[in-house]
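Engineer: Please find the sequence and the predicted model below.
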Amino acid sequence: MSTTEQNTANCKTLDLKTLGLRKVNASLNTLTDSSEHFEIINPAGQHAIACGLQSPLDVQIKGHTGFYCAGMNQHANVTVHGHVGVGVAENMMSGSVHVKGNASQAAGATAHGGLLVVEGDASSRCGISMKGIDIVVGGSVGHMSAFMAQAGNLVICGDAGEALGDSIYEAQLFVQGKVDSLGTDCEAKTMLDEHLETLSILLKKAGIKADPKAFTRYGSARKLYNFHVDNAAYAANHHSGVTS
Amino acid sequence: MCGIVGLYLKNEKWRADLGKLFQPMLSEMKSRGPDSAGVAIYRNPVADNELKLSLATDTAAYDWQQLAKSLQSDLSVSATINPVSTHAILITDADESAAVAHLKAMYPEVRVVGSGQSVEIFKEVGLPDDVYEQFSLQGASGTHMIGHTRMATESAVTTAGSHPFATGADLCLVHNGSLSNHNRHREELEKAGLVFQTENDTEVAAAYMTWRLRQGLTLHQALEHAISDLDGFYTFCIGTGDGFAVLRDPIACKHAVLAETDDWVAMATEYRSIDTLPGSEHANIWEPKPQTIYTWGGATGSKAA
């Protein structure tokens, strides 16, 4: 075993600087039912770190990453101790991605499931075309977030930039702060008990302390797309594990 | 694609290492722009009554001394020249417009690629590390640099089409993106007397800035007009005599990241360029907002949105 691949207390350390991206990702692409622990050091802003994982691994990335970190994730729990570039957890199916710092554009884009937590701010297009993922942002999000969002929940503890939820389908948005402007066909909705419960579960899962009652819910006015009640049923079935 | 980077050294102790610190930043952007590379370096400011011109030709064997001598005798001015591969730095006490007009008339094969008191611009077709070596920038000292790695989309891969593009008075521009209304602006700017060397969209943005600054606007005011007038995708990094400025278009599709420590301020298309700098792990790192002007530099102080 090389000095850059070490087992300590069941945690395997992978040094990206010496191993290179492909070897690091190959080490993580093991099919297993058991939880294994990995630590990636020296990520140096490289792209596609911990992409395409398919097992319930615990992966800790120590530093800042580039684009598409933990993209297409299934089952794994990835924590980034730093900032992430464009498209973190894009197309995630399940599992979780937890970012301790800020995220760049298109965080959680097109993702079908799982939980993405960004403790800091996320930039523009957060949750663009989301299809069932739950996203909790501790700070604020940039413009055009939740654009064409189809299913899932986006929780924003800070403020939202311009055109929030433009052309939104059946995703639910919860914003604690101010919204610069709502996009076409996005409107404020009444917060019912079921929504407070969903929000409170998501905040708890994300480890963020906030009062669900301080949030406003937003969703589709259902005037833009050709709305059928079947669409709502589809969206409900594709919500993540919050209600199941 | 394209990659852009900027580095301003706040701490004087690092200034002898500017070239060494900047090289890995530029090199890291190779995959975003492998066809051409260029830098603007701010160093060795000339006296108040003097002017520094960056000149470029297509050949490394150019007779620069003869050019300097003819400028001296024809215009009765001082002129010293320092050849650097295909480029040369000319220092003269001539009036800028007279010097440029003389060069254009007598030496049409020479392009003026930069002008001011401290800026020097070097750009060439090729990989960033090769271009860096060609102009001996590794050992360069100075206060700040901006750089560009190009993947051409709007015009030909030529040295003239490489960035940075000078906009006069120590200002220059690097661009990641593509402008969609550059042909219309080129026509209007040509009517206003500006001359273009290429079909490049970024050259139009640079000429637009030159035109606005000639109207007496400040850099900040000129950039505010640019937000309304220039259509397309862009992240601009603009080198100034005492620092640099960053501007993204209202949609902000083109990546950009800013970072600051007590020792330096840096911008890059991707964070991996900034990661090469000492102390980056503890830097304050954030993404610049759309249509917001960020400037740094001695006289202008820290961030001014």
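Structural biologist: It's in.
Engineer: if I pick residue 11, what's in contact with it?
Structural biologist: Going with chain A. Shown in contact with residue A:11 (Cβ atoms under 8 Å, 6 or more residues apart in numbering or on different chains): A:37-39, A:60. (Glycine included, C-beta is placed from N, CA and C.)
Engineer: try chain B instead
Structural biologist: B:262-264.
Engineer: all helices for the stretch 51-200 of chain B, in order.
Structural biologist: According to DSSP state H, counting those that start in this stretch, the stretch 51-200 of chain B carries its helices in the segments B:64-75, B:96-106, B:128-134, B:182-191.
Engineer: Of the ones you listed, give the one that comes closest to residue A:24.
Structural biologist: helix B:128-134 (25.1 Å; Cβ to Cβ).
Engineer: Counting by contacts, list what that closest one packs against.
Structural biologist: helix B:18-28, strand B:36-42, strand B:119-125 (3 or more Cβ pairs under 8 Å, 6 or more residues apart in numbering or on different chains; DSSP states H and E).
Engineer: what comes up buried for that helix?
Structural biologist: Going by neighbour count (16 or more other Cβ atoms under 10 Å in any protein chain shown), the buried part of helix B:128-134 is B:128, B:131-132, B:134.
Engineer: Which single one of those is nearest to residue B:187?
Structural biologist: Nearest to residue B:187 among the buried residues of helix B:128-134, with distances taken as Cβ to Cβ, is residue B:131, at 32.1 Å.
Engineer: The residue nearest to the closest one when sequence neighbours are not counted: what's it in contact with?
Structural biologist: Nearest non-adjacent residue to residue B:131, counting by Cβ to Cβ, 6 or more residues apart in numbering or on different chains: residue B:37, 4.1 Å away. Contact analysis of residue B:37 by Cβ under 8 Å, 6+ apart lists B:26, B:123-124, B:126-128, B:130-132, B:147-150, B:162.
Engineer: Now list the buried members of the residues you listed.
Structural biologist: B:26, B:123-124, B:126-128, B:131-132, B:147-150, B:162.
Engineer: For chain A, which residues score under the pLDDT cut-off?
Structural biologist: Scanning chain A for pLDDT under 70 picks out the ranges A:1-9, A:225-244.
Engineer: just to revisit the earlier point, using JSON lines, lay out the buried residues of helix B:128-134 together with pLDDT.
Structural biologist: Below are the buried residues of helix B:128-134 laid out as JSON lines (pLDDT from 0 to 100):
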{"residue": "B:128", "pLDDT": "95"}
{"residue": "B:131", "pLDDT": "94"}
{"residue": "B:132", "pLDDT": "95"}
{"residue": "B:134", "pLDDT": "95"}
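Engineer: Name the pair among those residues with the greatest separation in space.
Structural biologist: The most widely separated members of the buried residues of helix B:128-134 are B:128 and B:134, with 10.6 Å between them, by Cβ to Cβ.
Engineer: Run through the residues that contact the residue nearest to residue A:55 when sequence neighbours are not counted.
Structural biologist: Leaving aside its sequence neighbours, residue A:55 sits nearest to residue A:32 (Cβ to Cβ, 6+ apart; 4.7 Å). Residue A:32 makes contact with A:55-57, according to Cβ under 8 Å, 6+ apart.
Engineer: So residue B:162 sits against residue B:150, correct?
Structural biologist: Yes - using Cβ atoms under 8 Å, residue B:162 is in contact with residue B:150, at 5.9 Å.
Engineer: any residues in contact with both of the two?
Structural biologist: Contacts common to residue B:162 and residue B:150, judged by Cβ under 8 Å, 6+ apart, are B:36-38.
Engineer: Count the neighbours of residue A:192 for me.
Structural biologist: 10 (other Cβ atoms under 10 Å in any protein chain shown).
Engineer: Need the phi and psi values for it.
Structural biologist: Dihedral angles of residue A:192 (phi, psi; degrees, to the nearest 10) stand at phi -90, psi 170.
Engineer: Next one: it from chain B, what distance?
Structural biologist: 35 Å (Cβ to the nearest Cβ, to the nearest Å).
Engineer: can you tell me how far residue A:80 sits from chain B?
Structural biologist: For residue A:80, the distance to chain B - Cβ to the nearest Cβ - is 12 Å.
Engineer: That residue reaches residue A:101, doesn't it?
Structural biologist: Yes - with contact defined as Cβ under 8 Å, residue A:80 reaches residue A:101; the gap is 7.2 Å.
Engineer: Tell me which of those two has more neighbours.
Structural biologist: residue A:80 (29 against 19).
Engineer: JSON lines please, covering the contacts of residue B:37 and showing distance to residue B:228.
Structural biologist: Putting those into JSON lines (distance: Cβ to Cβ, whole Å) gives the following:
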{"residue": "B:26", "distance to residue B:228": "32"}
{"residue": "B:123", "distance to residue B:228": "29"}
{"residue": "B:124", "distance to residue B:228": "34"}
{"residue": "B:126", "distance to residue B:228": "36"}
{"residue": "B:127", "distance to residue B:228": "37"}
{"residue": "B:128", "distance to residue B:228": "33"}
{"residue": "B:130", "distance to residue B:228": "39"}
{"residue": "B:131", "distance to residue B:228": "34"}
{"residue": "B:132", "distance to residue B:228": "36"}
{"residue": "B:147", "distance to residue B:228": "28"}
{"residue": "B:148", "distance to residue B:228": "25"}
{"residue": "B:149", "distance to residue B:228": "29"}
{"residue": "B:150", "distance to residue B:228": "27"}
{"residue": "B:162", "distance to residue B:228": "28"}
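Engineer: So for those residues, which is the shakiest by pLDDT?
Structural biologist: Checking pLDDT across the contacts of residue B:37, the minimum falls on residue B:162 at 90.
Engineer: so what's that residue up against?
Structural biologist: Counted by Cβ under 8 Å, 6+ apart, residue B:162 has contacts B:36-38, B:123-125, B:148, B:150.
Engineer: and it, how far is that from residue A:210?
Structural biologist: 50 Å (Cβ to Cβ, to the nearest Å).
Engineer: coming back round to it: okay, and the common contacts of residue A:80 and residue A:101?
Structural biologist: Joint contacts of residue A:80 and residue A:101 (Cβ under 8 Å, 6+ apart) are residue A:64.
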